[in-house]
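In: Need a 3D model of the following:
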Amino acid sequence: MDHRLLLNASALSPIMYSQYSRKISSKSTMDLTGEQLKKAETQLKRYLPSSLQVYGYLCFRNRSDQVRPDPVSVLVDRWPEFSVLICKPLCEQKGDLFKDILVFAKNNAILEETIRNSYVIDWTRYLCFGINSLHMGILTAVASEKYSLVTEHDSLVKKPFSLFFGSSGISIGSLDESHVALVNGTWKFGQSEVAVRMIRNMIANFPSCCVLDAEAKPVSWILTYASGSMGMLYTLPEHRGKGYAKVLVSRLAKRLHSAGYPVYCFIEDENMVSYGLFKKLGFNEADPSYRESWFQFNDL
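Out: From the prediction side, this is the model:
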C-alpha cells in the first residue's frame with residue numbers, strides 16, 4: 001500500500017557532543033547517550049528527508065523537558081561518523097512490540113552487518129520496521145533466513161516546505177486516558193489490545209488535538225507518533241464535512257513547529273481527501289524517488 005508523506009522541517013542549531021560512547025558488542029555497535037544524541041540529531045538533519053523518522057524521534061528525545069519520549073536504544077555502527085542509526089524501542093510489555101524499529105542507513109553492507117547482530121535485532125520475536133524502501137531487499141533477505149515476512153506497508157516521503165497556519169475560531173482540546181479505547185477502535189491498525197499501550201503512550205506523552213462535542217466527547221482527533229509524525233487523523237462519520245480535520249491539522253502543526261519539531265505526516269496514495277486537505281494547508285510533496293516502508297515479521 002503506497003502512501004505520500006508531507007512535511008515541514010524546522011531549523012535547529014548544532015550542539016557540541018562528547019567524543020566517547022559505550023561499546024556494546026564485538027561488532028563495535030554503539031549505544032548513544034546524552035550529548036551524543038544531540039550531535040546525532042544535527043548530523044541527521046543533513047540527510048532529510050531520508051532520515052526523517054529517526055531525526056523526528058531524536059528531536060523529541062533531546063527535548064524531554066517538553067515531552068516524555070519512549071524508552072528507546074539509539075544504536076549506531078560507529079561514532080561519531082556513523083553509517084547506520086537504529087532507534088529500537090525497549091520491550092517492557094507485549095504492547096511495546098507494536099512500536100516501530102526505525103532505521104536510517106547510508107551503506108547497505110554496513111546495514112546488513114548491523115541488523116545481523118543479535119544484540120541489535122532479536123529475530124526471534126515480533127518486529128515492525130520503518131525503513132527506506134531502498135534497503136528493503138537487505139531487510140527481507142536477512143529476515144527470510146530466520147522467519148517469513150508477515151505484512152508490508154510502503155510510504156512515500158515528501159520534501160519540507162513552508163507551512164501556512166490559519167485561524168480556526170474553533171475551541172479544541174487534547175486527548176486523555178479516557179479516549180484510548182475510542183482511538184484504538186477507529187484506527188485501521190488498531191482494534192486490538194496490542195495497540196492500546198502504544199496509543200496510551202502517544203496520548204500521555206506526545207502532542208494531540210481533538211474537537212469536543214457539547215458533552216466533552218471527542219468527535220475528531222489527531223495524534224503524534226514517537227517519531228514526530230502526525231497521524232491517526234480521524235473524524236466520526238456523523239461529524240464529517242464541518243472542517244474539523246483542517247482545524248486540528250493546523251493547530252497541531254503550529255504547535256509542533258513552534259516547539260522546533262519537524263512537521264510531517266504519511267498519507268496513503270488512495271486517500272485523496274487527506275491529500276487534498278494537507279495540500280490546501282500548505283504541505284507539499286518532496287522527492288518521489290524516496291520511499292519509507294514498514295515491515296512486520298513473525299507473529300505478535
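In: Using the three-state scheme, assign the spatially most central residue of the chain.
Out: Central residue of the chain (CA atoms, centre = their mean): residue 227, 3.0 Å from the mean position. Secondary structure, DSSP: H, G, I helix; E, B strand; the rest coil: residue 227 is coil.
In: Backbone torsions only: list them for it.
Out: Backbone torsions of residue 227, given as degrees, to the nearest 10, read phi -80, psi 0.
In: Model confidence for it, exactly?
Out: If you check residue 227, the pLDDT there is 92.
In: Provide a list of residues in contact with it.
Out: 52-54, 56-57, 87, 100, 102, 130 (CB atoms under 8 Å, 6 or more residues apart in numbering). All C-beta spots, glycine's among them, are computed from the backbone N, C-alpha and C.
In: Distance check, it against residue 77.
Out: Going from residue 227 to residue 77 by CB to CB, to the nearest Å gives 20 Å.
In: would you list every one of the strands in the stretch 51-200 of the chain?
Out: In the stretch 51-200 of the chain, the strands defined using DSSP state E, counting those that start in this stretch lie at 72-76, 84-89, 101-105, 127-132, 149-156, 172-173.
In: can you redo the ones you listed as JSON lines with mean neighbour count?
Out: As requested, the strands of the stretch 51-200 of the chain are arranged in JSON lines below (neighbours: other CB atoms under 10 Å):
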{"stretch": "strand 72-76", "mean neighbour count": "20"}
{"stretch": "strand 84-89", "mean neighbour count": "24"}
{"stretch": "strand 101-105", "mean neighbour count": "24"}
{"stretch": "strand 127-132", "mean neighbour count": "22"}
{"stretch": "strand 149-156", "mean neighbour count": "17"}
{"stretch": "strand 172-173", "mean neighbour count": "15"}
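In: the domain parsing of this structure - what is it?
Out: When the chain is parsed with automatic domain parsing, its domains come out as 3-156+289-297, 172-280.
In: how near is residue 292 to residue 137?
Out: From residue 292 over to residue 137 the distance is 15 Å, taken as CB to CB.
In: Between these two, which is the more surrounded one?
Out: More crowded of residue 292 and residue 137, by other CB atoms under 10 Å: residue 292, with 24 against 11.
In: So residue 278: helix, strand or coil?
Out: Criterion first, three-state DSSP; result for residue 278: helix.
In: And it, how close does it get to residue 264?
Out: Distance from residue 278 to residue 264, counting by CB to CB: 10 Å.
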